[in-house]
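Enquirer: Starting from these lines, generate the structure:
(2 chains)
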Amino acid sequence: MRTSNFPLQTLKEVPADAEIASHRLMLRAGLIRKLAAGLYTWQPLGLRVLRKVERIVREEMDRAGALEVLMPAVQPAELWEESGRWEKYGAELLRLKDRHQREFCFGPTHEEIITDLARNELRSYRQLPINYYQIQTKFRDEIRPRFGVMRAREFLMKDAYSFHIDQDSLAATYDQMHATYCRIFERCGLDYRPVAADTGSIGGSGSHEFHVLADSGEDAIAFSTESDYAANVELAEAVAPAAAAPAPTGDMRLVDTPDARTIAELVEQFDQPIEKTIKTLIVVADDSVDAGLIALLLRGDHELNAIKAEKLPGVAEPLQMASEEQIRAAVGAGPGSLGPVDLALPMIVDRAAAVCSDFSAGANTDGKHLFGINWGRDVALPDVADLRNVVEGDPSPDGRGTLTIARGIEVGHIFQLGRKYSDAMQATVLDENGKQVTMTMGCYGIGVSRVVGAAIEQHNDEQGIVWPTAIAPFQLALVPMQMKKSERVRDAAEKLYADLQAAGIEVLFDDRDARPGVMFADIELIGIPHRVVVGERGLDKGEVEYRGRRDSENRMLPLDGFVDFIRQQVSEAIGA
RNA sequence: CGGGGUAUAGCGCAGUCUGGUAGCGCGCCUGCUUUGGGAGCAGGAUGUGGCAGGUUCAAAUCCUGUCGUCCCGACCA
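Expert: Down below sits the predicted model:
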């Protein structure tokens, strides 16, 4: 491809609304342009990258024996009503009406559609297992689209759905998909981790997210230092401390704390160690609790984990913090002065907080705290549960090593669905005894467009994008020096271009009549992994100048063997 | 959904307080000179000032409404 036919729509200045590196660079490099909030046009250069990721995904899914289909993006409401999700999905589901006032939605996912297909097409256990996939545009009306293609409303997704006669078969396909995903992200040149994820209310025995590690990631991931344990912080278990609470060392006393409404203020003003403070969070309870509210007790330096909390018996789902009015009505004191002693509400205490001794907490009277509180002596120990987010240094739940926390971008998610949809939609087959059996399902997603953003997030520098070769829009940039002036340079460049193309190299020939600085800057910005410069200087010695995108120096290489050299570089990088 | 910004040329921005009919940089077009790290000179094009009302002799500027868009929050005692 020649830049004269393939304009580089690069920008020196960035549109002001780009926050993170990938978004900025995608705009500056001209990969995408915004149409509206969360909606982007992929320009030719960006689309080449998207298609490369797509191709890798497709090749690996095919290799795993999955079958490609293409389902409609627009879906009739009836199927969603059947699964119950027309009601439950909420505002993220973009709903439409056709000219006959029939209701549809723009698909955010395709469980209903594939389940409908399966119940119509699959009759016998002999047709199982089967794994369908598609690569298609999805729409989710995100509360707050941001970060360019990372959290767009319209995005490209590979979604797959498998159908099985039993759980064992599902587990086998699930494991295979796990391995396939590893191959895909490996091939894309990404530093990623499979991470145990929330299985939610659906049940089933497994779910993994695949995260690309990057500081700008929206999710926090906990890893073991010693084992391959990895879990989303949302899910990672904070294991119970082995040691029991130490014995009390002093009496409980009531202290006036008029200016301490937060744990931070309490620690600051009264010199209390933060790990010897307990905070009391009041949340709304479900119908089973007469008081209407429940108190959750955590150490002052720990954070409540909302997902863990809303699974507790008695706690309303979704988790909802009580209002100040509700708290005053129930306790007689405001937030900032709450504590477990003489609290007339059901309480649940976090495992770590349950082994605190001589701790301080609110006295349930405005402006007063109790210091030197001890469980058992001053207040009965309530029910104990895991309520908090794990923190760096916590023991790993598998008993090996401690946890470190890193940030990740979720690019894939695999899920053992079980029979949630097949039950709701009566997707059955006949088993070997001629009996009707509800199929068991798995589903497997990859955010194809998000992978592009995540790759940039992980691979960029001052100059711009640094593509992994496997997903780069071009493998090599050919930059001639003063080609308009020098016949010799032109001939050499044209010949090299032809030879490279003949060798199957994806080469971008910068044949613009631009200054060298402009060409170099553009090629670096758009992240082409390899660059060759042809100029009078080198030709005198029969050489060209090579530079890898990550290199800091040029290398002079003989023009003769250059095609072989680059072919080798490329094939090593893409593992072909 | 709550709070806060912002809306002026393709992009980045100034002008708004103190009303007088729009400007800078980059980019774009033409010509000449230039060409090994984002060139120089000369000339040129581009704006219903988000939209709708209102106040005024006069509105980018003041007032009201509205749409878009961005950020923060929706996790805490």
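
Enquirer: okay, CA-based contacts and neighbour counts for the rest of this
Expert: OK.

Enquirer: Stretch A:294-305 near RNA strand B at all?
Expert: Yes. Counting by Cα under 7 Å from any atom of the strand, RNA strand B is contacted by stretch A:294-305 at A:G300, A:E303, A:L304, A:N305.

Enquirer: element containing the residue of the stretch 1-150 of chain A found nearest RNA strand B?
Expert: For the stretch 1-150 of chain A and RNA strand B, the shortest gap (Cα to the nearest atom of the strand) falls at A:P15, measuring 3.1 Å. Counting by DSSP states H and E, there is no helix or strand that carries A:P15.

Enquirer: Now do stretch A:278-298, average pLDDT.
Expert: Stretch A:278-298 shows a mean pLDDT of 87.

Enquirer: Sorry, wrong one. I was asking about stretch A:257-268.
Expert: For stretch A:257-268, the mean per-residue pLDDT is 82.

Enquirer: Next, the buried residues of it.
Expert: Applying a neighbour-count criterion of 16 or more other Cα atoms under 10 Å, one finds A:T257, A:A260, A:R261, A:I263, A:L266, A:V267 buried in stretch A:257-268.

Enquirer: out of these, which touch RNA strand B?
Expert: A:R261, A:I263.

Enquirer: residues in contact with stretch A:153-160?
Expert: Residues from elsewhere that reach stretch A:153-160 (Cα atoms under 8 Å, 6 or more residues apart in numbering): A:37-40, A:57, A:109-110, A:131-142, A:145, A:149, A:443-450.

Enquirer: got it, and stretch A:185-201?
Expert: With contacts defined as Cα under 8 Å, 6+ apart, stretch A:185-201 is touched by A:53, A:56, A:182, A:205-213, A:221, A:229-232, A:234-235, A:415, A:455, A:458, A:468-471, A:574-575.

Enquirer: Now the buried members of these.
Expert: Buried among the contacts of stretch A:185-201 (16+ other Cα under 10 Å): A:53, A:56, A:182, A:206-213, A:221, A:229-232, A:234-235, A:415, A:455, A:458, A:468-471.

Enquirer: near RNA strand B, which residues of the stretch 1-150 of chain A?
Expert: Neighbours of RNA strand B within the stretch 1-150 of chain A, by Cα under 7 Å from any atom of the strand: A:10-19, A:36-38, A:143-147.

Enquirer: So which of those residues are in strands?
Expert: Among those, the residues falling in strands (DSSP state E) are A:A36.

Enquirer: Of the residues of the stretch 1-150 of chain A next to RNA strand B, grab the buried ones for ChimeraX.
Expert: For the buried members of those, the matching ChimeraX selection, counting by 16+ other Cα under 10 Å, is:
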select /A:10,18,38,145,146,147
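
Enquirer: Next up, the contacts around the residue of the stretch 1-150 of chain A closest to RNA strand B.
Expert: Applying Cα under 8 Å, 6+ apart to A:P15 gives the contacts A:R24, A:L27.

Enquirer: Grab the nearest non-local neighbour of A:N389.
Expert: Excluding the flanking residues, the one nearest A:N389 by Cα to Cα, 6 or more residues apart in numbering is A:N305, at 5.1 Å.

Enquirer: Then A:A238?
Expert: Nearest residue to A:A238 in three dimensions, chain neighbours excluded: A:V390, at 5.3 Å (Cα to Cα, 6+ apart).

Enquirer: Check A:I221 too.
Expert: A:N232 (4.5 Å).

Enquirer: Could I get the contacting residues of the one you found?
Expert: Counted by Cα under 8 Å, 6+ apart, A:N232 has contacts A:V195, A:A196, A:A197, A:D198, A:D219, A:A220, A:I221, A:A222.
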